[in-house]
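J.: next come a sequence and a model predicted from it.
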Amino acid sequence: MAELHGESPLVTRAETLAGSSVPGVLHLSEVAFTAQVTLRVDPKSPAAERIGTAVGTMLPNQPGQVARTERLQILWMGPDEWLLIGPEGGAEQLQATLTEALGEEHGSVVDVSGHRTIVEVTGPKSRELLAKGCALDLHRRSFASDQCAQTLLARTGVVLLCRDVEQPSFWIFVRSSFARYLADWLADAAAEYRV
Amino acid sequence: MTGEYRLADGGRIDRDRPVRFRFDGHDYEGCAGDTLASALLANGVHQVGTSIRYGRPRGIAAAGPEEPNALVQIEEPFPEPMLTATTVELRDGLVASGLPGQGRLATEPDPARYDAINAHCDVLVVGAGPAGLAAARSAARSGARVIVADADTEFGGSLLGTRDELDQAPAWRWIDRVTSELQASPDVTVLPRTTVFGCYDDNYLVAVEHRGEDAFTRQRAWHIRAREIVLATGSHERPLVFPGNDRPGTMLASSARTYLHRYGVLPGRRAVVFTTNDSAYAAAVDLHDAGVEIAAVVDVRPVATTVWTARCVERGIRILTNCAVTGTSGADRVSGAQVSSLPSGDAAPAELDCDLLLVSGGWNPAVHLHSQARGTVRYSEELGALVPDRTPRGVRTVGAAAGTFTTAECLRAGSEAGSDAAREAGFHADVAEVPGSPSGPVTPPQPIWLLPGLSADSDDEQFVDLARDATVADVRKAVGAGMSSVEHIKRFTTIGTAHDQGKTSGLLSSGVIAELLGVEVAEVGATTFRPPYAPVAFAALAGRDRGDLYDPIRVTAMHDWHLEQDCPFENVGQWKRPWYYPQPGEDMESAVLRECHAVRTGVGMQDVSTLGKIDVQGPDAAEFLDLVYTNKMSTLRVGRIRYGVMCHADGMVFDDGTVMRTGEHRYLVSTTSGGAAGVLEWLEDWLQTEWPHLRVHLTSVTEQWATIALAGPRSREVLARVTSDIDLTNDAFPFMSWTDGTVAGSGARVCRISFSGELAFEINVPWWHGRQVWEALHRAGSEFGITPYGTETMHVLRAEKGFPIVGQDTDGTVTPHDLGMGWAVSKKKDDFLGMRSFSREDTARSDRKHLVGLLPPAGSAVVPEGTQLVDSTELPAPPVPMLGHITSSYRSAALDRPFALALVKSGRDRIGQTIYGHVGDELVPVEITEPVFYDKEGNRRDG
Amino acid sequence: MMLIPCPWCGPRNETEFHYGGQADVSYPADPQAVSDVDWARFLFFRANTKGIFTERWNHQAGCRRWFTVRRDTTTNEIFHDDSHEAVTR
C-alpha cells in the first residue's frame, strides 16, 4: 500500500471541523488512519494472558475500561471483545502480534482500521457539545479518563473514549459511512460557541 | 406611562424600559417584564378573542399557563399559532392578534434554531416557588447535582403575585438570595423559562427551555434523567360555574392579585369578588388598598373567616355570605353581576355594577407530573380537590401541588423533600433552614360545582370549559345519553381537550358530572393526565433533527466522485447510492439503456461498497453457516465463493448474498445494503442464545472495504491494466473464486462474482483507497468506453438474468422454492433455519405464488411495479380473484422491449399463458415466461 | 424512556436496544421430529402477558449482547436479579 496514501473519511470535512473550533472553548479535528484491530477471545483463556504479555498490558476486563501502553489503547467492547488502537501503519504488525499470541486457540483478529474514523473533541465545552446528542452521563464523576462506551451520538452509533477528564478531551469513533453526517452534526451543535 | 391602568410604582416590571407592541392593529406600550396579557390589561384591554363555538367575546382569565381563553396568534417576529397571552413575554416589535379559538400555522419555514440536550442529575426540582426553592437549596447544599426548572421568567412562583413577607422582609429578597446561592453552586443547573412537560419511565423528564428570540437557539428541549424528583409544581385556582361566567373582565382572584403585585396593573376599577374560600379575600383587600373599589365579596359559605371579616370591615368592604353570583351583564366586558342568596340564605341585592368579576372556586394542585410519574391521586373532600395519594419511588410531590396551601408549610415540606431526595441519591444532606412566614387560621373552603335553584334555561350560558365552549348543557346532554364515565363524557363534550388540557376545567367537569348524576365527586374521579403538560412546538421536539440532519446520510468512499458527476441518488436504507449517471440531454430511461448496453457489450463499473460485510471466524464457522444458510457452506473450499440464501425459521427468505471462504476457519459473508445490521443481530442472536457452544466470532467490516464492481466483456482487459500480480485467466481465476493482489497500487481482494451475468470482478480495497482505485479503474477503462452505472442499471441487468432482490421481489412471505431457487436449498443437511417449515402444509402447497417472468407486448410501455395481476380480460365483480403482482419492471436494452418479474399463483405451471395487469382503467395482457430472459445458458460470465 | 439494565454496560436508554420478544422459547432440538402443530406453535405463538414478563433484549448500540430481563408490562418496572443467567434464551 506504499504507493497510495489514501483519503480519510473526513478529508472533505477538515475545514468544517476546523471552522467549528473556537480557541480556548472547543477544538474539533479528525484523527485519521489509526491502526484499529478488533480482537475476540475468551478473557479467561491462556491466549488472553499471552496476548496481554505480547502487547504489554492485560486486556481490560471491566465494561468501559481502557488499557494503555506506549503504542496502544485497548478499549473494552464486550465481554470477549476489544478494540485495539495503534499508530498509523501499524495494523499489520498488530494483527501479527495478536495472531501469534492467540496461537491455536479460538479467537479472532480482524483489521477494522478503515471501518471507523475518529473525531477528536477537546476544550471546556466538549461535554456540553456531546450532551446535545449523547444520553450517557458524561459528568467527570461518571465518565472519567480512560473510560469508553459504545452508545449513540445524535443518530449514529459511536464508541466514545474519554482521553482526559481534567482538560476535557474525547475521541469519537464513528463508522466511516456515518462520519460526514456526524461531522456536520457536530458543526451544527457547535455553531453557538462561535457567536 | 405604559397604560392608564398601570400603577406609578410597584411590581417586578421595569418602567424605564418601555416596550412597543401591536395588538389587533393597535399600537401599545408595555414594560420590560410584562407578559402580553399584563401589558394589554395595563392598557385597559380585556377582550382578547372570541370563543371557538359561539363566537362570544373572551378575555384574560388567568395570569399563567392555565389560561383557557386569551389565545393569540403571533405575527412578528415569527408567525406562531395559539399561544396564551399570559405566557408570551412582551418584546419590542411584537405583533399579535386575538384568536377565535384557533390559529393558523406559518406557511414559511421557521428561521429559528431549536436544539436539545441531555442532562443527568441527582435531584430534579420542578417548580421554583417557595417549596421548590427550599427543596433545591437543601439538595444543593449536600453537593448533589441539582437541576431546578420553572416555567416562569423568574423564580418565586406564587410569591411573585403577593406582597407576602418572609423573615419580615419582602419575599423577593429571599427568592433572590436563594436563586443566587443556587446559581453559584457548580453542580446546580438553574433553568428559568423552562417548562417540564412530561415525566416518563425511570425518572426521565422532558422540558422545553424558552431561551428567547435573541438566543442562538430559540428553544431547547432538555432530556433529563433524574435519580430523584421533587415536584413542586404549585396549584391552579379553579373558576366557578354560573350563568355568564365567560364575560371578559371575569378573572381568577389570585390572577388579579398577580397582575397587581407583579406587574403593577389594576385589572379594573370596581370589582365583585365571588368565592368559596379564604384566598380571594387577599385579592379583595390588596386591590382595595391599590385603589380598586370592591363592590362586594360574595361568599357561598354561611360564615366568613374572622380575620378576613375584620380586614374587610376595616376597609368598608361588604361581605355577602351564603350568596352567589347568578348572572352577569355587559357586552364585550362585564358591567354588572347579579347576586342572589343561596336557598335558605338572606336576601341580597339583585345587581352590582362592576368592570371586574373575580372568582375563586378553590385550588387544584398541579398533579399532572405526579400523575404522569404513576403517582395516584385521590379526591379530598376537605379541600375539594384532587391531591396526591400514593407517590412512586424516587418522586416527592410537595407544596401546593400536594395540597399544602400555607407558605410556611410549603417552605418546610420543600426543604425536607430536598434533603430527603439528596440523601436517597447517596448524599449527606441536612434540612436547610426556612424563613419565617406569617400564617393565620383558615376556614375550610366549601366547594360548589353547580349553583342550586337555577333554571335549566341558563345551562347553556354556564361554561365548564371556556376553551372548548362546553357548558353545563353539554354535560347534561352527555349524562342524559347515559354516560357516567368521566372519560366518555370528556370525549363527548371535548371538555379538557383544548390547549390548556383542562387545567381549570378538569375537576370542575367532574364536579358538575357528580352533581348531575347525584354521586360523590370521588366516585366520578378525573381523566388521565397525559404529557405534554403545556403545548410544545414541534420544532422544539425536532431540535436539530431536520434538513440534512433529519436522518443520517451514509456515503461511500467514492461519494464525492459521484457528486462530481451530478448523478441523482437513490436512498437504500440510510445509504445514498448513485441511481444513474445521465449525460447531457439524457433522461433516466435513455441513461439506463445506455448504461445497460455498455455493460452487455463493453464494460461498466459500479460502487457496491454499501453491501454489508461480516467476518465470520472460528473452528465452528462452517457448521454455523450451514445452520443459517439454506445451502451448504461447509463444503466450500478456501478461495471459493458461494451465493447463499438466509431464511427465518418460518422458511421465508430474509436476506441473501455471497459467502467467501477466506480460511479454514474463516469466511466473509456479504448481506444486502439495507439488511446488514439486521443480519448481524440475527446471527448474534442464534450464536449467543441458541448455539453458544459453537466457537464462532462475528465482526462487522462493512466500512473496512470500498467495493467496486467491474462488469462486462471487457472488464478483464480493464483490470489487467491496473494489476500485475493477479492472473486473470479463467483457469487461474475461475468464476466464484477470489484472490488477493494489488490493484492500482492498493492491496485488494478481488472476486469473480457477477450480478449481471457478464464477466465481472468485484474489487475490494481498504476504504481509504476507494476513490483512488475507482479513479484508476475509470482511467484504465477509458479506451474501452468504461461506463459508470447506478442502481437502476444494476436492477435491470440482474432482472434480465432473473436474479431476485430481497425486499423488492420478496416481502417476507416468499420461500426459496417460490423464487425458483430450490437449487440453493440443501437436501444434504440435517437442519438449517427454515428447513422444517418447508414441509409445513402451507409452505409445501404447489399453488403458491412463484417468481416468474412477464412479457408485455413488444413496443408497449413498461407495466408499473406493484401492478395487480388477474386472469380475465374484464374485471369481474369484487372480490376480484387475484393472481399476484409485478415486483420488478423495466425496459431492456438487450431485449429491446419491456419485461417484468412477478409473483404469480402457480406461475411456473402457467408459463406461456397470458394473464392481465390492471393498469389504470385498462387490463394489459402479459405473457408468463421463465424468469431468466437473457443468456439462459450462462455463457457470458467467463467473457 | 426506559432505562434497561444491560448486564455488561449497565443501565442505558431503551433507544440503544432492540426488543427480542418472549424469552425461553427454545428452538426445538430436532425440528424434523416436531409435529406441524407444535412447529407452528414454536413459530407463531407468543405470550402477551399483562404483568411480569420475561423477555429478551439486544444491546444493539452497545456491546451487541443478547440478554433476558423480567419486566412488568403494566408499569415497565424491570426487576434486577439473576444477571448470571441473563445471556440465555
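T.: Looks like it arrived, so ask away.
J.: residue B:923 is in what secondary structure piece?
T.: Using DSSP states H and E, residue B:923 maps to strand B:922-929.
J.: distance between stretch B:66-76 and the chain's centre?
T.: Stretch B:66-76 sits 23 Å away from the centroid of its parent chain (CA atoms, centre = their mean, to the nearest Å).
J.: on that earlier part again, ok, and what's touching the strand holding residue B:923?
T.: Residues from elsewhere that reach strand B:922-929 (CB atoms under 8 Å, 6 or more residues apart in numbering or on different chains): B:852-857, B:860, B:863, B:867, B:869-870, B:872-875, B:900, B:902, B:904, B:907, B:910-918. The way it works is simple: take the backbone N, C-alpha and C, and place the C-beta from them, glycine included.
J.: hmm, 7 Å instead?
T.: Residues from elsewhere that reach strand B:922-929 (CB atoms under 7 Å, 6 or more residues apart in numbering or on different chains): B:852-857, B:863, B:873, B:904, B:907, B:910-917.
J.: repeat for stretch B:362-380
T.: With CB under 7 Å, 6+ apart, stretch B:362-380 has contacts from B:126, B:196, B:198-199, B:229, B:231, B:233-238, B:276-277, B:384-392, B:395, B:397, B:400-403, B:405, B:445, B:447, B:507, B:521-522, B:529, B:531, B:533, C:75.
J.: ChimeraX command to pick out the buried ones of the contacts of strand B:922-929?
T.: Only the buried entries of the contacts of strand B:922-929 go into this ChimeraX selection, using 16 or more other CB atoms under 10 Å in any protein chain shown:
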select /B:852,853,854,855,856,863,904,907,910,915,916,917
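J.: from the contacts of strand B:922-929, which ones fall inside strands?
T.: B:852-855, B:904, B:914-917 (DSSP state E).
J.: dump those residues to TSV, plus distance to chain C and pLDDT.
T.: Converted to TSV, the ones in strands among the contacts of strand B:922-929 look like this (distance: CB to the nearest CB, whole Å; pLDDT from 0 to 100):
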residue	distance to chain C	pLDDT
B:852	28	98
B:853	32	98
B:854	32	98
B:855	37	97
B:904	26	98
B:914	37	97
B:915	32	98
B:916	35	97
B:917	33	97
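J.: any idea which residue is closest to the centre of the chain?
T.: All of this refers to chain A. residue A:173 (4.3 Å; CA atoms, centre = their mean).
J.: try again with chain B
T.: Central residue of chain B (CA atoms, centre = their mean): residue B:541, at 6.1 Å.
J.: make sure that one is indeed in a helix.
T.: Yes: according to DSSP: H, G, I helix; E, B strand; the rest coil, residue B:541 belongs to a helix.
J.: now do the helices in the chain.
T.: With no chain named, the answer covers chain A. Secondary structure of chain A (DSSP state H): helices at A:14-20, A:46-55, A:91-102, A:126-131, A:179-190.
J.: not what I meant, chain C
T.: C:36-44.
J.: close to chain B: what parts of it are there?
T.: C:1-3, C:18, C:20, C:27, C:31-32, C:34, C:36, C:39, C:43, C:58, C:60, C:64-66, C:75-76, C:87-89 (CB under 7 Å from any CB of the partner chain).
J.: name the SS class of residue B:287, please.
T.: Under three-state DSSP, residue B:287 comes out as helix.
J.: so how far is chain C from it?
T.: Distance of residue B:287 to chain C, computed by CB to the nearest CB, to the nearest Å: 46 Å.
J.: for that residue, give me its contacts.
T.: B:256, B:260, B:271, B:294.
J.: how about low-confidence regions in the chain?
T.: Using chain A here. Along chain A, segments meeting pLDDT under 70 span A:1-4.
J.: the intended chain is chain B.
T.: In chain B (pLDDT under 70), the answer is B:1-2, B:344-349, B:440-441.
J.: most remote residue from it's center?
T.: residue B:731 (59.2 Å).
J.: which helix or strand contains that residue?
T.: Going by DSSP H and E, residue B:731 is not in any helix or strand.
J.: residues near residue A:56, how many?
T.: If you count neighbours by other CB atoms under 10 Å in any protein chain shown, residue A:56 ends up with 13.
J.: swap in residue B:651?
T.: Around residue B:651 there are 25 residues (other CB under 10 Å).
J.: my understanding was that it contacts residue B:834; is that so?
T.: Yes: Residue B:651 is within contact range of residue B:834, at 4.3 Å (criterion: CB atoms under 7 Å).
J.: now the residue of chain A found nearest chain C, nearest residue through space, not along the chain?
T.: In chain A, no residue comes nearer to chain C than residue A:78, which is 4.0 Å away by CB to the nearest CB. With CB to CB, 6 or more residues apart in numbering or on different chains as the measure, residue C:63 is the residue that lies nearest to residue A:78, at 4.0 Å, once sequence neighbours are left out.
J.: what sits against the one you found?
T.: A:77-78, A:150, C:6, C:8-9.
J.: and for residue B:855?
T.: Contacts of residue B:855 (CB under 7 Å, 6+ apart): B:899, B:926-927, B:929.
J.: got a ChimeraX select line for the buried ones in those residues?
T.: Of those, the buried ones can be selected in ChimeraX as follows, counting by 16+ other CB under 10 Å:
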select /B:899,926,929
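J.: turn the contacts of residue B:855 into JSON lines, columns for distance to residue A:9.
T.: Listed next are the contacts of residue B:855 as JSON lines, based on distance: CB to CB, whole Å:
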{"residue": "B:899", "distance to residue A:9": "40"}
{"residue": "B:926", "distance to residue A:9": "46"}
{"residue": "B:927", "distance to residue A:9": "49"}
{"residue": "B:929", "distance to residue A:9": "45"}
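J.: of the contacts of stretch B:362-380, which belong to helices?
T.: B:507, B:521-522.
J.: most neighbours of all those residues, which one?
T.: residue B:507 (29 neighbours).
J.: that residue and chain A, how far apart?
T.: 36 Å.
J.: can you pull the contacts of that residue?
T.: B:238, B:364, B:385-386, B:526.
J.: quick one, strands of chain A?
T.: So, for chain A - with DSSP E - the strands run A:27-31, A:35-41, A:66-68, A:73-78, A:81-86, A:107-111, A:116-122, A:147-153, A:156-164, A:169-175.
J.: TSV please, covering those and showing distance to residue B:889.
T.: TSV is the format used below for the strands of chain A (distance: least, CB to CB, whole Å):
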stretch	distance to residue B:889
strand A:27-31	44
strand A:35-41	42
strand A:66-68	54
strand A:73-78	45
strand A:81-86	45
strand A:107-111	41
strand A:116-122	39
strand A:147-153	39
strand A:156-164	35
strand A:169-175	35
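J.: picking that back up, mark which of the residues of chain C next to chain B are buried, thanks.
T.: So, by 16+ other CB under 10 Å, the buried ones in the residues of chain C next to chain B are C:1-3, C:18, C:20, C:27, C:31, C:39, C:43, C:58, C:60, C:64-66, C:76, C:87-89.
J.: just the ones of those residues in strands?
T.: Short answer: these in strands (DSSP E) are C:3, C:18, C:20, C:58, C:66.
J.: show me which of the residues you listed is closest to chain A.
T.: residue C:3 (10.0 Å).
J.: state the distance from the residue in chain C positioned nearest to chain A to chain B.
T.: Nearest to chain A in chain C, going by CB to the nearest CB, is residue C:63, at a distance of 4.0 Å. To chain B, residue C:63 is 10 Å away according to CB to the nearest CB.
J.: what residues are up against residue 27?
T.: Went with chain A since none was named. Residue A:27 is in contact with A:21, A:122-123, counting by CB under 7 Å, 6+ apart.
J.: can you look at chain C instead?
T.: residue B:690.
J.: what about it, distance to residue B:892?
T.: Computed as CB to CB, to the nearest Å, the residue C:27 to residue B:892 distance reads 44 Å.
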